[in-house]
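Novice: Structure, please.
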Amino acid sequence: MRPAPSTQPTVSALLVQWRGGDASALERLMPLIYDELHHLARRHLRGERANHTLQTTALVHEAYLRLVGSDVEWEGRVHFLAVAAQTMRRVLVDHARSRSRQRRGGGLKLVSIENAQAVAPAPAMDLMVLDEALDRLAAMDGRKARAAELHYFGGLSYDETALALGISSATVHRELRVAKAWLYRELGQDRGDVATAT
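Specialist: Sure, this is the predicted structure:
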């Protein structure tokens, strides 16, 4: 015997209700998407340093506040996750820029030229540099940049990325191969560094 169909509204239905002005839909929506938002946040923070000051839950909450305040015509679960992934990327870049401004000129230590290399931190993939590279890619080919953002940063599968972009999974695969190769070249990094960052 087949189980009775669930009477619970789907994420897509709740998004439509929320868009239509039903504030209670948002309250019912959050428990359904919270785990997915947490997963997205972990993916975004995976490439960050271990002592990053913005933790997973804080990233989820900051992104949530921006999403709730946005005026987006939600098209469904995949669209919501795509926008959430982009929002989290923006939160992290804004956070990195803020920390960079705070550090500029503060806490400097006098080091002789002979010892400079010994105390210099090892180069790492900088989120702001990667963000700027993705923006340059978007200026040349917006679809490739969106595919990279949705798949690598958003954690969407090829099929979900294809659905969000309105293209086939095979096209997503081709777009991602080209986008990743372009990022490798543009960032002047070896493949391991870029793969870790994405």
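
Novice: remind me, longest helix of this structure?
Specialist: Scanning the chain for the longest helix, with DSSP state H as the assignment, gives helix 77-103.

Novice: what helices or strands is it leaning on?
Specialist: helix 11-19, helix 23-46, helix 56-68, helix 127-140, helix 158-165 (3 or more Cβ pairs under 8 Å, 6 or more residues apart in numbering; DSSP states H and E). Quick note: C-beta positions are derived from backbone N, CA and C, even for glycine.

Novice: Could you save those as a markdown table and add columns showing mean pLDDT, distance to residue 176 and mean neighbour count?
Specialist: Formatted as a markdown table, these follow (pLDDT from 0 to 100; distance: least, Cβ to Cβ, whole Å; neighbours: other Cβ atoms under 10 Å):
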| stretch | mean pLDDT | distance to residue 176 | mean neighbour count |
| --- | --- | --- | --- |
| helix 11-19 | 84 | 25 | 18 |
| helix 23-46 | 83 | 15 | 16 |
| helix 56-68 | 85 | 23 | 17 |
| helix 127-140 | 87 | 12 | 16 |
| helix 158-165 | 90 | 8 | 20 |
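
Novice: quick one on the thing from earlier: measure how far the direction of the longest helix of the chain deviates from that of helix 56-68, in degrees.
Specialist: 110 degrees (axes from the mean of the first three to the mean of the last three Cα atoms, to 10 degrees).

Novice: Just the buried positions in helix 77-103, please.
Specialist: 77-89, 91-93, 95-96 (16 or more other Cβ atoms under 10 Å).
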